[in-house]
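Engineer: I would like the atomic coordinates for the input below:
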Amino acid sequence: MRTTRGGPTTRSPPTGSVAEASPFLHEAFLPVALGLRVADRHDPHLRSPHLRCKATVVGLLPPRARPVLPGRKQYYTHALATIGAGGVRPR
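Structural biologist: A predicted model of the protein is given here:
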């Protein structure tokens, strides 16, 4: 299922042999996620603004994983475009 800023749109057709899933759009998950209070989704003690806004997800991980989490949102647009164009795969 593709999403836009406004929410889910139509489901995209399969693109290969690997099964695709959208667990965060599952009918059992959505009501729970949308029911979380904003205050419960934020942790002022995490080390970066990005992680502070992802407190619910960070809380699912073991504490030893926190130091290696990226402090900002990662974008892979350039890497995927390079791979798609037949260029050298990024390391």
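
Engineer: can you tell me the average pLDDT over the longest helix anywhere in the chain?
Structural biologist: The helix that spans the most residues within the chain, counting by DSSP state H, is helix 77-84. The average pLDDT within helix 77-84 is 79.

Engineer: same question for stretch 55-71.
Structural biologist: 93.

Engineer: that stretch: end-to-end distance?
Structural biologist: Start-to-end span of stretch 55-71 (CA to CA, to the nearest Å) is 12 Å.

Engineer: could you do stretch 67-82 as well?
Structural biologist: Stretch 67-82 has an end-to-end distance of 30 Å (CA to CA).

Engineer: P23: neighbour count?
Structural biologist: Each residue near P23 was counted by other CB atoms under 10 Å, and the total is 7. Every residue, glycine included, has its C-beta placed from N, CA and C.

Engineer: same deal with S12?
Structural biologist: S12: 10 neighbours (other CB under 10 Å).

Engineer: A helix includes it, no?
Structural biologist: No. Read with DSSP: H, G, I helix; E, B strand; the rest coil, S12 is coil and lies in no helix.

Engineer: distance of it relative to E27?
Structural biologist: 18 Å (CB to CB, to the nearest Å).

Engineer: go on, V18?
Structural biologist: Taking CB to CB, one finds V18 at 23 Å from E27.

Engineer: mind listing residues that contact stretch 33-49?
Structural biologist: Stretch 33-49 is contacted from outside by 24, 51-56, 58-59, 66, 71-72, using CB atoms under 8 Å, 6 or more residues apart in numbering.

Engineer: could you identify the most distant pair in those residues?
Structural biologist: F24 and G71 (22.0 Å; CB to CB).
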